[in-house]
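Colleague: have a look at this fold, sequence not included:
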């Protein structure tokens, strides 16, 4: 059986199970080493709270997206998997998506102005919908990048939160 993402991430961070469990206890959210082992070996499903906890301990926000897009029955349907990318690639994709939407704006207004989508409008509507979905994924990728930079302390968390909460 292949290692789960939870095991590979722990190993990537050079942590033992006991160290993870000790850190979890310090965060007032204890997890037993046996439970962690079973999660890592795919014998027990992980809970959303455990994903959040491990994501924090490992400083790996991608675990949350993985869980939502691959393991949660609702998320599998509604949450796309977001790739971790370089900031420059994210920005280029965002600019491309925004430019593409700019060209589709008038057609979207034309299609939806009467509150319904006619048979002859469906193809254009689906095309625009796909462009919007790609823009949404790019935005999520940017958010994931920011969360990773915050976790890695490459962005000042205190200053970031101060500005977010203005």
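Modeller: Yep, it's here. Just so it is clear, the structure is predicted and the values come from calculations on it, not from any experiment.
Colleague: quick one: average pLDDT of the top helix by length along the chain?
Modeller: Across the chain, the longest stretch assigned as helix under DSSP state H is helix 122-151. The pLDDT scores in helix 122-151 average 96.
Colleague: same thing with stretch 16-26?
Modeller: 97.
Colleague: now do the helices in the protein.
Modeller: Under DSSP H, the chain gives helices at 5-12, 17-26, 33-40, 48-58, 62-66, 73-78, 87-112, 122-151, 157-164.
Colleague: can you list the domains in this protein?
Modeller: Segmentation of the chain into domains, based on automatic domain parsing, reads 5-78, 87-164.
Colleague: neighbours of residue 120, just the number please.
Modeller: 8 (other Cβ atoms under 10 Å). Bear in mind the C-beta positions are built from the backbone N, C-alpha and C, glycine included.
Colleague: ok, it - contacts?
Modeller: Neighbour list for residue 120: empty [criterion: Cβ atoms under 8 Å, 6 or more residues apart in numbering].
Colleague: do residue 55 as well
Modeller: Residue 55 is in contact with 61-64, counting by Cβ under 8 Å, 6+ apart.
Colleague: from those residues, which is closest to residue 88?
Modeller: Residue 88 lies nearest to residue 62 out of the contacts of residue 55, by Cβ to Cβ, at 18.9 Å.
Colleague: and the spatially closest residue to that closest one that is not a sequence neighbour, its phi and psi?
Modeller: Of all residues not flanking residue 62 in the chain, residue 84 sits nearest, at 5.8 Å (Cβ to Cβ, 6 or more residues apart in numbering). Torsion angles at residue 84 (phi, psi; degrees, to the nearest 10) stand at phi -80, psi 130.
Colleague: give me the neighbour count for the closest residue in space to residue 45 that isn't next to it in sequence.
Modeller: Leaving out its chain neighbours, the residue that sits closest to residue 45 by Cβ to Cβ, 6+ apart is residue 71, at 7.3 Å. As a burial measure, residue 71 scores 15 neighbours (other Cβ under 10 Å).
Colleague: cool, residue 40 as well?
Modeller: The number of residues near residue 40, taken as other Cβ under 10 Å, comes to 22.
Colleague: pretty sure it sits against residue 2.
Modeller: No - under the criterion of Cβ atoms under 8 Å, residue 40 is not in contact with residue 2, lying 11.3 Å apart.
Colleague: spatially central residue for this structure, please.
Modeller: Nearest to the mean C-alpha position of the chain, by Cα atoms, centre = their mean, lies residue 65 at 3.3 Å.
Colleague: got any ranges where this structure has weak pLDDT?
Modeller: Scanning the chain for pLDDT under 70 picks out the ranges 1.
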